[in-house]
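K.L.:
Got a predicted model here, sequence first, then my questions.
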Amino acid sequence: MGDAGVGSAAPGDLPMSDVDLRKASTVKVARYRSGRLWFMATVLVAALVATPVLALIWQALRGSSGLWPHLLAYVLPQAFQQTTALLVGVGVLVTLLGTSTAWLVTAYDFPGRRFLEWALLLPLAVPTYIIAYVYLDLLHPIGLVQGALRVALGFTSPHEFRLPDIRSMGGCIVLLGFVLYPYVYLTTRAMFLTQAANLVEVSRTLGSGKGGVFWRVALPLARPAIAVGVSLALMEALNDIGASEFLGVKTLTVSVYTTWVTRSDLPGAAQIALAMLSLVVALVTTERWARRRQRYWSSAQKARSFTPHRLGTVSGLLVFALGLLPVFIGFIAPASYLVVEAWKRVRFAGLSPRLLLETLNTVTLSAMATLAILLFGMIIAYTARSLPGRVTAALQRISTVGYAMPGTVVAIGILLPVAALDQMIDRAALAWLGAPTGLLLIGSGAALGYAYVARFLAIAVGSVEAGFSRIPRSFDHAARSLGHNVTATFRQIHLPLSKPSLVAAGLLVFVDCMKELPATLLLRPLNFETLATHLYGEAARGTYEEASIAALAIVLVGTLPVAILARVGRWKA
Amino acid sequence: MHRSINDAGAPLTLEHISRSFGDTQALDDVSLSIAPGEIVCLVGQSGCGKSSLLRIIAGVDTADSGRILLNGIEIAGADSFVEPEDRNIGFMFQDYALFPHLTVEENVAFGLKRLSRREASARAAEVIARIGIQALSGRYPHTLSGGEQQRVALARALAPKPVILLMDEPFSNLDRGLRERVREETISTLRALGTTAILVTHDPEEALSVGDRVVLMQEGRVVQVGTGYDIYDHPNSLYVAEFLCPCNRLEGIYRDGRVETVLGSFPARLDLPEGGKAFACIRPQAVSLSGPEEGLPALVVNRSFLGEIEQLLVRIEGVADLLRLRTTSRIDVKPGEPIHLTVDPGGVLIFAAA
């Protein structure tokens, strides 16, 4: 057998296997030849996302010499104080609401529990600016609720009886809390379902009462999950521009916006934005820290489902009503209001062409941004998988920093380099083609698309990665050893096998783009309106016309990701 | 059948391969050459580096240093690296890695992209027929049994006529009964095709029964290479002896070319000073019962019936550990009863104490 020809290990009439091999090895090839394109693309995407932050820092350091003392003395302290108060208030409220509802549907069994499990997520579909818009009208001194209350209590005019004004810090905290608690509910319930079962049952057998179990076992156990949920909710609160502004709370985000738009002071706005980044860093640090603990827990123990305690009919109904309350305030009431108002408007005036155009604008822009974000997300996630290492891990982290950054901060960071680039293009076009292009990138909406990419790339990367993680590594290696390079392996294996999570990622990103308000307000082309900016405009003017239709559309589309999240939650269980 | 190894004609040559992950040295200066048509078994405990070595040969991981030659051509070295897709090395995975969205036929044809569509489907059909899985052609992997999946994985790896086939624990996912049958089938297919192969296993029995040569690894190093008979009969260290067969280890003293132990003295050629410490490694089947006039008195502690064989654990005066003996004949004794033992010197291996 020793005389068998080299490479003719298998008999047959096909070309000898070593022919291609010789060809390949005559070229001295670098290590990651076929992966180099992916790597370079990842570097580009990471640079794209990092640019706004760097630009912001650079701009803030350059400073506006005259304005900074003014900002430091009059704007920042108040804005910081208001923002802190808002974040603390919202933090406390979402912790209470999220944790208690999560415990209710996990530890107790009652009629309607299954329904409540996913219904508690519904307020996620209502953006902060819409809840504020709705309740401003509902709770107006001569609005529906107060009017009904007066009739019930026998008063005749708002002078005799009125509720505390919703346009206050307290009102803002309550409204934000009731749409943002699902972040805490989601993470905490997952923790209760997967982790607490064994420990809770053990402590029951050791003689702890039901209440004792919650305080002594479940709650400490869920602390990392609560921390993750709260940080996500607070990032949203920090990002909010509509609600705070409608309700008269002067947060940092609002200050950035007014400093830029009203005072046209970009460096000043950049400086406030940079101050906001310090809050963001604190939130991200909390979240990362908590996630590490959480990962430790989930790897340390095996998931087992939790056996809930069955309640009697009366107490069951009571608990159901209690659990339904946040859903009612955060979703059912505003959604019903919007349905009624939108219906009245359509019956009265039909759909204006303007609104249809805005819908088209919104969908087109969001769809294009979603495609780009998905593509970038796949590049990042696949590079991290196929070329694992410290460099790709760092690039991945850089490319996903945007999820924590408020839209206003991203917008300012993008405006600086993009405006400079626009001027360069304009001058070059004038010099070479004899015609100015104007603000090409901003005018075409490219700058806004860029903002969406920077802000929502993390969502895409996360979902795509989750999809990839279900594909065993051996598939990659098998495809490679069967003659397919990194790109072909992606096309033939990863793309078809992760299609469902790609669709889910696309949907999540699309809805977030559609709902986005702060960056859209700042970076949209002149006279370009989306559904969100339309609503903002009407609410800011105090006119209640077609905004209800726009808001209803946003809320309806927003329920789609809730359906996905509810399904994911059940998988975890 | 022992082959002489001629490096020039070797399908695969490994030179001084080292690889570390952080502080762990996964592979430490591994060199190996494989002859055409040879089936080599890489064996060792989990974590000994055998799977790392396979991954480095396939090119899905890279060595820190060392060189790999495939048919005499360098495919990995200080300044060269051929991508895994350009190596034409077959790889069979422990989990088979069959693509769930492709049929059996499409899976088998997956590695044939250099051929035209017609040629590829002809080649796939040929391999499918050779392995005897024509009936499964149109089915999807999740509808197949473990044994069927294994055969599809084999067909897929063989279809591109790889220079060498790497198999990572290819039988460990099968039930005991099925495992032996599939193993015999697989090996006879490889023999019939003259395929050069490296098979990784943690099971010493599998290694001894399958390979032309066995390469035994420990903590990233090759500790012994030889035919199954070679390394079983002449293990070069206590580790190898105990890995291949659980032994009774007895301490002894080296004197006059013999090692004296409680169970008698055994001839040995050791590089030890007179009075040096040595170990006698007594295989369980080398101990047998004898009449009371010869042999050592012992006390039965436990008797377990394992089907084909029977195992006794006995206590001997002056030996801390219980002695294990195995025999195919039935021994009618109960725990607590006294017996007498003799040791067959042919089943005793002597090593100098480290």
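P.N.:
Structure received.
K.L.:
Which positions in stretch B:68-86 come out as buried?
P.N.:
B:68-77, B:80-86 (16 or more other C-beta atoms under 10 Å in any protein chain shown). C-beta: built from backbone N, CA, C; applies to glycine.
K.L.:
and that stretch, how far out from the chain's middle?
P.N.:
26 Å (C-alpha atoms, centre = their mean, to the nearest Å).
K.L.:
Show me where the stretch 151-300 of chain A dips below the pLDDT cut-off.
P.N.:
Within the stretch 151-300 of chain A, the ranges that satisfy pLDDT under 70 run A:195-201, A:204, A:207-211, A:293-300.
K.L.:
Get me the contact residues on it for chain B.
P.N.:
Counting by C-beta under 8 Å from any C-beta of the partner chain, no position of the stretch 151-300 of chain A is adjacent to chain B.
K.L.:
Ok, the stretch 351-500 of chain A next?
P.N.:
A:472, A:474-485, A:488, A:492-493, A:496-497.
K.L.:
how many neighbours does the one residue in chain A that gets nearest to chain B have?
P.N.:
For chain A and chain B, the shortest gap (C-beta to the nearest C-beta) falls at residue A:482, measuring 3.3 Å. By other C-beta atoms under 10 Å in any protein chain shown, the residues close to residue A:482 number 29.
K.L.:
related to what we said a few turns ago, show me how to select, in ChimeraX, the buried members of the residues of the stretch 351-500 of chain A next to chain B.
P.N.:
Only the buried entries of those go into this ChimeraX selection, using 16+ other C-beta under 10 Å:
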select /A:474,475,476,477,478,479,480,481,482,483,484,485,488,492,493,497
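K.L.:
Among the residues of the stretch 351-500 of chain A next to chain B, name the ones in helices.
P.N.:
The helices, defined by DSSP state H, take in A:474, A:475, A:476, A:477, A:478, A:479, A:480, A:481, A:488, A:496, A:497 from those.
K.L.:
wait, the last one sits on residue B:100?
P.N.:
Yes: under the criterion of C-beta atoms under 8 Å, residue A:497 lies in contact with residue B:100, with a separation of 7.1 Å.
K.L.:
Around chain A, which positions in the stretch 151-300 of chain B sit nearby?
P.N.:
So far as C-beta under 8 Å from any C-beta goes, the stretch 151-300 of chain B lies against chain A at B:156, B:157, B:158, B:160, B:161, B:162, B:163, B:164, B:193, B:194, B:195, B:196.
K.L.:
how about the helices in chain B?
P.N.:
Under DSSP H, chain B gives helices at B:50-58, B:104-109, B:117-131, B:146-158, B:176-193, B:204-210, B:228-233, B:238-244.
K.L.:
For those, give me a markdown table that also has mean pLDDT and distance to residue B:268.
P.N.:
Below are these laid out as a markdown table (pLDDT from 0 to 100; distance: least, C-beta to C-beta, whole Å):
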| stretch | mean pLDDT | distance to residue B:268 |
| --- | --- | --- |
| helix B:50-58 | 93 | 31 |
| helix B:104-109 | 95 | 54 |
| helix B:117-131 | 93 | 49 |
| helix B:146-158 | 94 | 45 |
| helix B:176-193 | 91 | 36 |
| helix B:204-210 | 90 | 24 |
| helix B:228-233 | 91 | 15 |
| helix B:238-244 | 91 | 13 |
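K.L.:
Take those helices and write them to CSV, including mean neighbour count and distance to residue B:24.
P.N.:
As requested, these are exported to CSV (neighbours: other C-beta atoms under 10 Å in any protein chain shown; distance: least, C-beta to C-beta, whole Å):
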stretch, mean neighbour count, distance to residue B:24
helix B:50-58, 24, 10
helix B:104-109, 24, 35
helix B:117-131, 17, 38
helix B:146-158, 23, 29
helix B:176-193, 15, 30
helix B:204-210, 20, 24
helix B:228-233, 17, 26
helix B:238-244, 20, 19
